[in-house]
Every structure is written in structure tokens, then in C-alpha cells.
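Novice: Next come a sequence and a model predicted from it.
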Amino acid sequence: MGLFICTLLGSCDTNDSDFGWGTQGTFNLTAPNGQAIASNMESLTRKINRAAEKTFREHKDIRITEIIYHDVPAGYMAEIKYETLDGISTNAILTNIPQNGKKHFKRIMTRSESPGGSSGEKVYTCSSTDRKKCPNCSVVKKTDGNVECFCSEGQRKYCELTETSI
């Protein structure tokens, strides 16, 4: 009888320690131009997690919370908002558009994650080089189509842009 009620109501979860962490929403993985940014949520999460590891300089479990597609003339640019298990909310930009004008950033790291070479996709993330001067850096799309770091509570010069080739 108890199993029937749990099945009927769908509220009996035997893994109470999860608290829904592993559950991600359903998001549209097709950009406005018709290109798929990933084949499924697991694939997208892996892409973003590779870049997040560079940002945090350690492995962190992440959960994607929102996908925003930016208007671009060709290709796609998707802003992926995510949070870590330890409560950090930030974002990354996944794009297949070459970025220009990155010379005004403090440091850019590029690392190919694909064994057979890059697919042309890049993930851009920002991290703080001094948490006292800028506690939370995020990556934003500029009007010219390029990306840059933004610091909502401090100075942008303490943000570091990271480029990860996928």
C-alpha cells in the first residue's frame, strides 16, 4: 500500500541527501539559428564543467539553471547560468563565433579539450584574481559580439577571462 501511495503521489524519494541537486530543468538546446549547442543536458553540463574547472581551479559539481541565447548575425552564442554544489552562482558563454579584441584582458588561457582537435566551440568564463577587490566575476556579451568580464561588486581589472576550446 505504501509503495502504491509513493508511486501515485511521486513524492517518496529514497535518496534524501540529494535534495533535488541532480535534477536539472529542461532547456532548449537548439540555438535560434537551428544549431544544437549539445545533444543533451548531460553533454552540455560536461562542456560547461570543463570550463568551470579552469575558473575554480578545482572540480566542482554544477547544475545548469538557465540558458539565454544572444542575438548574433551568424552561429550562436549561449549564456549558460549555473550554480555549484557549494552555492556559487555564475555563468559561462558557449559560442562557435570567433572572438576578436581580447587584448585588453589580463590573461586568456586556451586549452583544447577534444582529443581529435577542437570542434570550433569555445566556452568563456571569468574568475577573480582577488576576491576582496571583485568577489564575483561574470562573462558578458558586448555590443560588438565579443565577450568580456564584468564585476558587479568591484573592479573588473581583477577578473580573468578564460577560453576553453571544446
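Specialist: The structure has been received and is ready for your questions.

Novice: how about Q99, secondary structure?
Specialist: For Q99, the assignment made with DSSP: H, G, I helix; E, B strand; the rest coil gives coil.

Novice: Hmm, Y124 and it touching each other?
Specialist: Yes: applying C-beta atoms under 8 Å as the test, Q99 and Y124 come out as touching, 7.5 Å apart. (Glycine included, C-beta is placed from N, CA and C.)

Novice: Which residues are in contact with each of the two?
Specialist: Taking C-beta atoms under 8 Å, 6 or more residues apart in numbering as the criterion, Q99 and Y124 both touch V147, E163.

Novice: which one of those two has more residues nearby?
Specialist: Y124 (26 against 19; other C-beta atoms under 10 Å).

Novice: What strand or helix carries that one?
Specialist: For Y124, the host element (DSSP states H and E) is strand 122-128.

Novice: quick one: strands adjacent to that strand?
Specialist: strand 89-95 (antiparallel), strand 159-165 (antiparallel) (DSSP bridges).

Novice: where exactly do the strands run in the chain?
Specialist: Ranges of strands in the chain, per DSSP state E, are 62-69, 77-84, 89-95, 110-112, 122-128, 137-141, 147-151, 159-165.

Novice: Format the ones you listed as TSV; extra columns: mean pLDDT and distance to E53.
Specialist: Formatted as TSV, the strands of the chain follow (pLDDT from 0 to 100; distance: least, C-beta to C-beta, whole Å):
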stretch	mean pLDDT	distance to E53
strand 62-69	95	10
strand 77-84	94	11
strand 89-95	92	11
strand 110-112	45	10
strand 122-128	88	10
strand 137-141	88	16
strand 147-151	89	18
strand 159-165	85	9
